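Student: model this:
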Amino acid sequence: MKKIILITIMLLGITSVKAQCNLPYKDLKAFNNDTTAFFVHNFINRADCYKGKTLHDVVKDMQLPIKWGQSILKAGITNYSLGVKIGVNTNDESLRLINNNKTDNTIYIYWENEVYIDLQHEADIIYGKKPYTDYLDIYKNAKIKKLKALAPKEEKYLEQVKSAEKRNEFIRQQKLIEEVINR
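Tutor: Numbers count the residues shown, from 1 in each chain. Next up, the predicted model:
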């Protein structure tokens, strides 16, 4: 009896994960090259579609070159990455967008399991001595647990976020990030 209940729970879990990814991917041209609308649809509304996939899958879908990246390290100085954040704008472009109350289209990816990384290699990537594409090799076997992108503040984009609950959660997260930035 316990096995039947466990199997039923597992099947329901699998079904619910698949049900959460019912939006088709749309390429950048479908949004008339509006990168923010593209990000809202593919990386906010479809974030659950990347569960269990890899960084390579995300980068392939981005259709834009990655201009920066940084590992999300476990608290303190450690060689273990909990995820990675990647962006299509340079650091200067991102700061300019944030200062103008806009979203910089950064994607935050968290792994199912921690990944060991070489901190010197990480520093070389951050400071431009090695290309950001090295992350594709470092994290080639890492499976995605969760993918997040911040919702834009402009109302026309917020209306595109698929649910009021998700929209409110993104706004709450943005406010927390802004508080940290403004300290």
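Student: only C-alpha atoms from now on, for both contacts and neighbour counts.
Tutor: OK.
Student: which residues in this structure form helices?
Tutor: 2-20, 35-39, 55-62, 91-99, 119-126, 134-138, 155-158, 164-181 (DSSP state H).
Student: just give me how far the shortest one sits from the chain centre.
Tutor: Put simply, helix 155-158 sits 19 Å off its chain's centre (CA atoms, centre = their mean, to the nearest Å).
Student: what comes up buried for that helix?
Tutor: Using 16 or more other CA atoms under 10 Å as the test for burial, helix 155-158 gives 157-158.
Student: contacting residues around that helix?
Tutor: Under the criterion CA atoms under 8 Å, 6 or more residues apart in numbering, residues 36-37, 40, 151-152, 167 lie in contact with helix 155-158.
Student: and it, C-alpha only, in CSV?
Tutor: The C-alpha atoms that make up helix 155-158 are tabulated as CSV, following Å, rounded to 0.1, in the frame of the first residue of the first chain:
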residue,chain,number,x,y,z
GLU,A,155,3.7,48.4,-16.6
LYS,A,156,3.6,47.2,-20.2
TYR,A,157,5.9,44.3,-19.2
LEU,A,158,4.4,43.6,-15.9
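Student: not counting its neighbours along the chain, what's nearest His56?
Tutor: In this structure, His56 finds its nearest non-sequential neighbour in Leu136, 6.1 Å apart by CA to CA, 6 or more residues apart in numbering.
Student: could you tell me the per-residue confidence at that neighbour?
Tutor: Leu136 is assigned a pLDDT of 86 by the prediction.
Student: against Pro24, how distant is it?
Tutor: Leu136 sits 24 Å away from Pro24, going by CA to CA, to the nearest Å.
Student: so between those two, which is more surrounded?
Tutor: Leu136 (15 against 10; other CA atoms under 10 Å).
Student: circling back to that earlier point, pretty sure the residue nearest to His56 contacts Lys60?
Tutor: No - Leu136 lies out of contact with Lys60 (CA atoms under 8 Å); the separation is 10.7 Å.
Student: could I have the top strand by length along the chain exported to PDB, CA atoms only?
Tutor: Scanning the chain for the strand with the most residues, using DSSP state E, yields strand 106-116. Taking C-alpha atoms only, strand 106-116 is exported to PDB below (Å, rounded to 0.1, in the frame of the first residue of the first chain):
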ATOM      1  CA  THR A 106      20.000  39.100 -15.600                       C
ATOM      2  CA  ILE A 107      19.100  35.400 -15.200                       C
ATOM      3  CA  TYR A 108      19.800  33.700 -11.900                       C
ATOM      4  CA  ILE A 109      20.200  30.000 -12.100                       C
ATOM      5  CA  TYR A 110      20.400  27.700  -9.100                       C
ATOM      6  CA  TRP A 111      21.700  24.100  -9.200                       C
ATOM      7  CA  GLU A 112      20.000  20.900  -7.900                       C
ATOM      8  CA  ASN A 113      23.400  20.100  -6.200                       C
ATOM      9  CA  GLU A 114      26.300  22.300  -5.300                       C
ATOM     10  CA  VAL A 115      29.200  22.300  -7.900                       C
ATOM     11  CA  TYR A 116      32.800  22.500  -7.000                       C
END
